[in-house]
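When you get a sec, could you give me coordinates for this:
(4 chains)
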Number of protein chains: 2
Amino acid sequence: MERRTRQRDAIEAAFSKAARPLAVQEAHKLAAKAVPGLGIATVYRNINALVEEGVLEPVELPGESPRYEASGLAHHHHFRCNACEKVFDVPGCPGAMKALVPRGFRLDSHELVLYGRCAQCA
Amino acid sequence: MERRTRQRDAIEAAFSKAARPLAVQEAHKLAAKAVPGLGIATVYRNINALVEEGVLEPVELPGESPRYEASGLAHHHHFRCNACEKVFDVPGCPGAMKALVPRGFRLDSHELVLYGRCAQCA
DNA sequence: ATAGATGCAAAGAGTTTGCATAGGT
DNA sequence: ACCTATGCAAACTCTTTGCATCTAT
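Numbering: from 1, shown residues only, chains lettered A, B, ... in the order given. Model prediction:
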């Protein structure tokens, strides 16, 4: 079974406090404040374990390494700030995807990413 | 200045004939039919050169290595078949993106990816 | 003949894995 | 005391780069 370690707690806490998708490096940096010397491999292992357990979900953006956020959130999309490179959740969906699909194709899901400036950087 | 080599011609031809975004490996496989022994490094170098020249544009999908397609196409999005993993262009756009953007954020652009089965795999 | 392009192999960058040890239970 | 989780370093994968050779001009 899993053990409560300082490292694991710090990594989980980083995601809870951030309340937005975090990249592995971001999580490492945040968690290392609580646990100096925290190894990057430990962050990878714990994130992968948390994804296995269904606690976290990967958030993949085009051309970037994956970020992770709490799983089970309602259908939503993501906004990436082109200045600070942070990613934020965006509730809602434009819908009307089916109209775009070519004849004979079957639509199962979709991903939408918005790009611009966040409130702090605008 | 650039030279016309068999390799470069074969790589350009692969993109022209495909008429859809190709991954580096796909382009290599296709071009190698015309030029056996074609090195993967040559494919990378030529694709990067073609992007520099503005002939090709990268098409990045979440969590995948980049594909490339002819540049200068009208605003469109992409459909990825979950079975054969090919990517197709999809004309049109649902619009209504601005309604999703949080207050204070500035929207500059967006990317939409549809997932499902293509006509051949459906 | 000259200089850019190619192919191979080595170098990088990011992620994963093996192993001895630290540390939860 | 046991046995999982950690940290380090080596292994992997994908892409880029160095270098000798080839080849288009």
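
ok, now which ones touch A:G116?
Going by Cβ atoms under 8 Å, 6 or more residues apart in numbering or on different chains, A:G116 touches A:79, A:81-82, A:122, B:101, B:105-109. C-beta coordinates here come from the backbone N, C-alpha and C atoms, glycine included.

can we see that at 10 Å?
A:79-83, A:122, B:97, B:101, B:105-110 (Cβ atoms under 10 Å, 6 or more residues apart in numbering or on different chains).

now swap in A:A31 and tell me
A:A31 neighbours (Cβ under 10 Å, 6+ apart): A:6-15, A:22, A:38, A:42-43, A:46.

Can you give me the pLDDT of it?
As predicted, A:A31 sits at a pLDDT of 97.

What of A:M1?
Looking at A:M1, its pLDDT reads 58.

try A:E64
Predicted confidence (pLDDT) for A:E64: 93.

same check, this time on A:F105
On pLDDT, A:F105 comes in at 97.

what do you get for A:F88?
A:F88 is given a pLDDT of 96.

what helix or strand is the residue lying closest to it once chain neighbours are set aside on?
Distances taken as Cβ to Cβ, 6 or more residues apart in numbering or on different chains place A:F79 nearest to A:F88, at 4.7 Å, with adjacent residues excluded. For A:F79, the element it lies in under DSSP states H and E is strand A:76-81.

ok, back up a step: of the contacts of A:A31, which belong to helices?
If you go by DSSP state H, the contacts of A:A31 have A:6-15, A:42-43, A:46 in helices.

What count of nearby residues applies to A:A74?
If you count neighbours by other Cβ atoms under 10 Å in any protein chain shown, A:A74 ends up with 7.

what about it, which SS state?
Here A:A74 is recorded as coil under DSSP: H, G, I helix; E, B strand; the rest coil.

I figured it hits A:V90, correct?
No. Using Cβ atoms under 10 Å as the test, A:A74 is too far from A:V90 to be in contact (11.5 Å).

What parts of chain A come near DNA strand C?
A:3-6, A:24-25, A:40-41, A:44-45, A:48, A:65-66 (Cβ under 7 Å from any atom of the strand).

Show the buried residues in the residues you listed.
A:24, A:66 (16 or more other Cβ atoms under 10 Å in any protein chain shown).

Out of the residues of chain A next to DNA strand C, flag the one nearest to chain B.
A:P66 (6.4 Å; Cβ to the nearest Cβ).

check contacts around the closest residue to that closest one other than its chain neighbours.
Among residues not flanking A:P66 along the chain, A:P58 sits closest, at 4.6 Å (Cβ to Cβ, 6+ apart). By Cβ under 10 Å, 6+ apart, A:P58 lies in contact with A:21, A:47-48, A:51, A:66-69, A:71, B:62-63.

secondary structure class for A:P58?
strand.

Tell me what it is bridged to.
Judged by DSSP bridges, the bridge partners of A:P58 are A:Y68.

before we move on, what about A:L112?
Beta-bridge partners, per DSSP bridges, of A:L112: B:L112.

my guess is it contacts B:V101, does it?
No. Shown here, A:L112 and B:V101 do not form a contact pair, counting by Cβ under 10 Å, at 11.7 Å.

so what's in contact with those two at the same time?
Common neighbours of A:L112 and B:V101 (Cβ under 10 Å, 6+ apart) are A:79, A:90, A:92, B:110.
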